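A.B. asks: Here is my input, please return the structure:
(2 chains)
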Amino acid sequence: MIPVVELRGIVKRFPGVVANHNADLVLENGEVHALLGENGAGKTTLMSILAGIYRPDAGTILLDGGPVSFRTPGHAIEAGIGMVHQHFRLVQPFTVAENVLLGAERRFAASRSSTDQRVSELGESYGLKVDPSARVWQLSAGEQQRVGILKALFREARILILDEPTAVLTPQEATRLFETLRKMAEEGRTVVFISHKLDEVMAVADRISVLRGGEKIASVTRSETDKRALARLMVGHDVSSKTQRADSSAAGVCLEVRGLDALGDRGLQVLHGIDLEVRRGEVLGVAGVSGNGQRELTEVIAGIRRPSAGTVEMEGVDLTDVSPAQRIRSGLAYVPEDRLGMGLVGSMDCVSNVMLKLSGDRRFTRGPFVNSGAAEKLTHRLVDAFDVKTPSINAPVRLMSGGNIQKLLLARELSSEPKLLVASQPTAGLDVAAAQAVHDIILEERAKGVGILLISEDLDELLSLSDRILVMYEGNVMGTIDGDDAGREKIGLMMAGTHTDMEAAS
Amino acid sequence: MSRASAPIRPRLVKRLVPSRSMRIGVRAGAVVCAFILAAIFLLLTGRSVGTIFGAMWDGSFGSPYGQAQTILAAIPLIFTGLAVAIAFRMRLWNIGAEGQFYLGAFGATAVAYAIPTAPAFILLPLMILGGMVGGGAWAFVPGILRARLGVNEIVPSLLLNYVGILLVDYMVHGPWSDPQSFGFPLGKPFSDSATLPTLGDTAVHAGAIVAILAALAISLVLSRTVWGYRVRVIGENARAANYAGFSIARNVVAIMLLSGALAGVGGMVEVSGVVHKIQANISPGFGYTGIIVATLARFSPLAVVPIALLFGALIVAGNELQTVGLPSDIVLMLQAVILLFALAGELFVQYRVQWRPGSSSSAAPAIPSEPERQAAASASPSIEAG
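C.D. replies: Numbering: from 1, shown residues only, chains lettered A, B, ... in the order given. Reported below is the predicted structural model:
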């Protein structure tokens, strides 16, 4: 049988990043095919290429055995390929029916009642009930997703791609969605399900393709695999050499978090009673698939997100109700995962960015004015000490490479000689040399007695740097494991929400 | 898509750094193009292009009187332009400079009528203060709404314009009406000490110096002070500002107060320097024209000055056309078209045009790639109230 879709040797580069590297993929009729991989593995890019949103730099797309090339998403839709994006791309003030119709209008004046009826019918038969006349902004995230799927069904999509559909759903909604996906597959449609959650993939997929580093690593049938094997495929095999650890259990407590609850951006609770403790001179690694509350945890610690319950203490001082500025002065350094979105101002130069947290510091002001001489001197010192490569300290930082951007951010955060360093995805997207430099910097700080909270999706990184590893899943702490005997697979299972008997070894 | 016999087609490639020379060139080009377009229009209506453009030039620059009029018209535009520009440095749209200008005139007038006999060196600074308080108070309303409740500042600032205009209207018809004005909506003439001195024997009043000093001071504050630095960080990346511990809410209020105060001083120098009394319709839309001035100046305080002079010249030219029986609306058209050309020309500042054979799959994408789009989205005007 000819596969309905075959991708061969797809390459896609973005400035500074290779998103897909020789990716192959075969999709059959009537299957739910899961695309599994860590963040940045290239899942979304590969499917965006299939949906005509990006054009590949190399490689071929075969549809029903014949090569095709989509110039626009419209061409892909005509060919029967529909994609439901993670961010829904709906017109908020329009009604459900208007959104479904948008882009599919065949006549100048579309009949409202017939569209409403068709939307209702589709919703009825696939268990995707939404009121066709409701305005999209009134709908919950789950309902908006149904509109996205209805939109694709309305266009008679036979290949439906869903990008991390469960990220915005409650567990009950997710179960309902899985039933819908199964039904569509039974009708002979092909459903591609992008996810990084092992449980879901095992629950719904017929076949599973694992992507890592922009390449397809393996395609397996669900019945012939298990979560353990998938976790191994997803995160890779190699365990890099470990660093020598000093016994820090005797050292004082640097950061203590107790019973922390917090709401996410959508108003749902994303942290559930988090307890953790970082000692001086210790790296506490936080493992977990992104979106399980790690970002919110770091933001609460940094003071830019309010907790709804619980306490944060640093060096014995309660910081729970203290402003971000006061926390910075108390010795908290924070390297956020979104470097140019939060940590730095991309359009400003190195000097301005080095000043970001020092603008109120008397050493760098002269009356109401910025002491630019002192600022430039510090910038030169940091750029030299951290080996930041930049054409000029007066060039906008967004023009620098990712590694140098991160080195500058670390340099600034560490220049204040912090007591606690919270580092979120510090090496994501960096090349090997830059990642190594960042690792060295983190270990140096650890040797100085700084407490370090390291959030990462890279298990190798966590295993090689952490004294202890804490695993987060859906806003809960699944357990904490000693870095020395941390089993990669056990962490992988805990990341997927499975309790193991290894909890709380420390 | 076809790979065979690809035609040469232009492709837009995003510049890493917007071109500065292109930016100046685009603005100059916009003015030239606007005049060419206006000339075509005039030809189509059968009028003499030479006569009209000649009359405009003579009116604005042709005589010492015209030059003085141009400067006088530019002064209020410098203030309103600065007001809009500084607010936008924090990505706030102050559409209310018009109302703040009226309230500035109101505040200055209140001082002038309260202590008319005070010596000028006391009265004039107090009137400036009155103007700042009036304009600032008017801008405080949208500022506090934005800071505390997250209300978009555009609508409140715009609507308050009408309230401000009508407030002055009421005062000149009622409490401040001059019994000698025969029912015209005019206030009593100011005392001599409430009147700004003129520079030498020209008609230009000392407000010109205040305007230049204001532009220099704002430029200095933005580029050199700690506060200006924080304002720029908030404007460029509100999330980074929040992360660095800056209070966005407090700075929103502060920058709106400063913005309103600047427009208010504009109102003060207009009543004290030009009209020498309060009257209805004190501004022919200086607040709105200030938005165009600030936009064309790319919100740079120093660039506001020359652009305000150009627009002042256009206003004077419009008056001149009217006196010789020609339509003054051509000047409004020119103002609008200059802005449109400049906005359209911004494309060439941000993008480079590349001529190369089409359809090559390795060519850089004309549309921004996803990471760029996300970066653009996160940099878009959004300031959370804190």
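
A.B. asks: Which single residue in chain B comes nearest to chain A?
C.D. replies: Using C-beta to the nearest C-beta, B:G245 is the residue of chain B that sits closest to chain A, at 3.0 Å. (Each C-beta comes from the backbone N, C-alpha and C, glycine too.)

A.B. asks: Determine the three-state secondary structure at that residue.
C.D. replies: Under the three-state scheme (DSSP: H, G, I helix; E, B strand; the rest coil), B:G245 adopts coil.

A.B. asks: That one: how many residues sit nearby?
C.D. replies: Other residues lying near B:G245 total 20 when counted by other C-beta atoms under 10 Å in any protein chain shown.

A.B. asks: got a list of what A:H33 touches?
C.D. replies: By C-beta atoms under 8 Å, 6 or more residues apart in numbering or on different chains, the contact set of A:H33 is A:L27, A:T190, A:V191, A:V192, A:F193, A:A205, A:D206, A:R207, A:I208, A:S209.

A.B. asks: Would you verify that it is located in a strand?
C.D. replies: Yes. Applying three-state DSSP, one finds A:H33 inside a strand.

A.B. asks: how much space between it and A:K216?
C.D. replies: Noted for A:H33: a distance of 12 Å to A:K216, by C-beta to C-beta, to the nearest Å.

A.B. asks: list the residues that contact both of those two?
C.D. replies: Common neighbours of A:H33 and A:K216 (C-beta under 8 Å, 6+ apart) are A:S209.

A.B. asks: Return the residues of the stretch 101-250 of chain B in contact with chain A.
C.D. replies: By C-beta under 8 Å from any C-beta of the partner chain, the residues of the stretch 101-250 of chain B that approach chain A are B:224-227, B:229-230, B:232-233, B:236-237, B:239-240, B:242-246.

A.B. asks: A:I161 falls within a strand, correct?
C.D. replies: Yes. Counting by three-state DSSP, A:I161 is located in a strand.

A.B. asks: buried residues in the helix or strand where B:G50 lies?
C.D. replies: According to DSSP states H and E, B:G50 maps onto helix B:49-57. By 16 or more other C-beta atoms under 10 Å in any protein chain shown, the buried positions in helix B:49-57 come out as B:I52, B:F53, B:A55, B:M56.

A.B. asks: among those, which two are most distant?
C.D. replies: B:F53 and B:A55 (7.4 Å; C-beta to C-beta).

A.B. asks: Can you point out the buried residues in the helix or strand where A:G123 lies?
C.D. replies: Here A:G123 sits within helix A:112-126, counting by DSSP H and E. Neighbour counts over helix A:112-126 (16+ other C-beta under 10 Å) mark A:T115, A:D116, A:R118, A:V119, A:S120, A:L122, A:G123, A:Y126 as buried.

A.B. asks: before we move on, what about stretch B:183-194?
C.D. replies: B:P185, B:L186, B:G187, B:K188, B:P189, B:F190, B:S191, B:S193, B:A194.

A.B. asks: Start and end of stretch A:10-28, how far apart?
C.D. replies: 18 Å (C-alpha to C-alpha, to the nearest Å).

A.B. asks: repeat for stretch A:447-456
C.D. replies: 20 Å.

A.B. asks: ok, which stretches of chain B are strands?
C.D. replies: For chain B, the strands defined by DSSP state E occupy B:8-14, B:351-357.

A.B. asks: got a list of contacts for stretch A:252-265?
C.D. replies: With C-beta under 8 Å, 6+ apart as the criterion, stretch A:252-265 contacts A:269-280, A:282, A:293, A:296-297, A:300-301, A:305-316, A:419-420, A:450-451, A:453.

A.B. asks: now A:E6, what's its secondary structure?
C.D. replies: strand.

A.B. asks: List the contacts of it.
C.D. replies: A:D24, A:L25, A:V26, A:L27, A:I61, A:L62, A:G65.

A.B. asks: ok, now how distant is A:V422 from A:C254?
C.D. replies: A:V422 is 11 Å from A:C254, by C-beta to C-beta.

A.B. asks: mind checking the backbone torsions on A:G66?
C.D. replies: Backbone geometry at A:G66, expressed as degrees, to the nearest 10, gives phi -110, psi 140.

A.B. asks: Need the pLDDT of it.
C.D. replies: A:G66 is assigned 91 on the pLDDT scale.

A.B. asks: for A:W137, same thing?
C.D. replies: 84.

A.B. asks: Same question for B:A385.
C.D. replies: At B:A385, the pLDDT value in this model is 37.

A.B. asks: Grab the nearest non-local neighbour of residue 309.
C.D. replies: No chain was given, so I picked chain A. Excluding its sequence neighbours, the residue lying closest to A:A309 (C-beta to C-beta, 6 or more residues apart in numbering or on different chains) is A:D261, at 4.1 Å.

A.B. asks: Wait, chain B was what I had in mind.
C.D. replies: Counting by C-beta to C-beta, 6+ apart, the residue nearest B:L309 is B:A74, at 4.6 Å.

A.B. asks: which residues does that neighbour contact?
C.D. replies: B:A74 is in contact with B:A211, B:V305, B:A308, B:L309, B:F311, B:G312, B:A313, counting by C-beta under 8 Å, 6+ apart.

A.B. asks: Ranking by neighbours, what's the top pick from the residues you listed?
C.D. replies: B:A308 (30 neighbours).

A.B. asks: Just give the closest residue to that one, not the sequence neighbours.
C.D. replies: B:L77 (3.9 Å).

A.B. asks: Quick one: residues contacting the closest residue to B:A73 other than its chain neighbours.
C.D. replies: Spatial nearest neighbour of B:A73, excluding adjacent residues (C-beta to C-beta, 6+ apart): B:G312 at 3.6 Å. Taking C-beta under 8 Å, 6+ apart, we find B:G312 in contact with B:S60, B:T70, B:I71, B:L72, B:A73, B:A74, B:I75, B:L77.

A.B. asks: Out of these, list just those in helices.
C.D. replies: Using DSSP state H, the members of those that fall within helices are B:T70, B:I71, B:L72, B:A73, B:A74, B:I75, B:L77.

A.B. asks: For burial, what's the neighbour tally of the second one?
C.D. replies: In other words, B:I71. With other C-beta under 10 Å as criterion, B:I71 counts 23.

A.B. asks: what does A:A385 give?
C.D. replies: 12.

A.B. asks: Same check on B:V163?
C.D. replies: Using other C-beta under 10 Å: B:V163 sits among 14 other residues.

A.B. asks: nearest residue to residue 84 other than its sequence neighbours?
C.D. replies: Assuming you mean chain A. A:G148 (3.9 Å).

A.B. asks: you looked at the wrong chain, it should be chain B
C.D. replies: B:A294 (3.8 Å).

A.B. asks: Poorly predicted segments of chain A, please.
C.D. replies: By pLDDT under 70, the weakly predicted segments of chain A are A:15-17, A:39-40, A:105-110, A:168, A:170-171, A:236-250, A:431-432, A:484-486, A:500-506.

A.B. asks: got a list of what the most centrally placed residue in chain B touches?
C.D. replies: Centroid-nearest residue in chain B, with C-alpha atoms, centre = their mean: B:G290, separated by 2.0 Å. Counting by C-beta under 8 Å, 6+ apart, B:G290 touches B:L77, B:F79, B:T80, B:G81, B:A83, B:V84, B:A97, B:A263.

A.B. asks: same check, this time on A:I61
C.D. replies: Contact partners of A:I61, counting by C-beta under 8 Å, 6+ apart, are A:V5, A:E6, A:L7, A:R8, A:I10, A:I49, A:L50, A:P67, A:V68, A:S69, A:F70.

A.B. asks: what about 10 Å?
C.D. replies: Counting by C-beta atoms under 10 Å, 6 or more residues apart in numbering or on different chains, A:I61 touches A:5-8, A:10, A:25, A:49-50, A:52, A:67-70, A:76, A:79, A:81.
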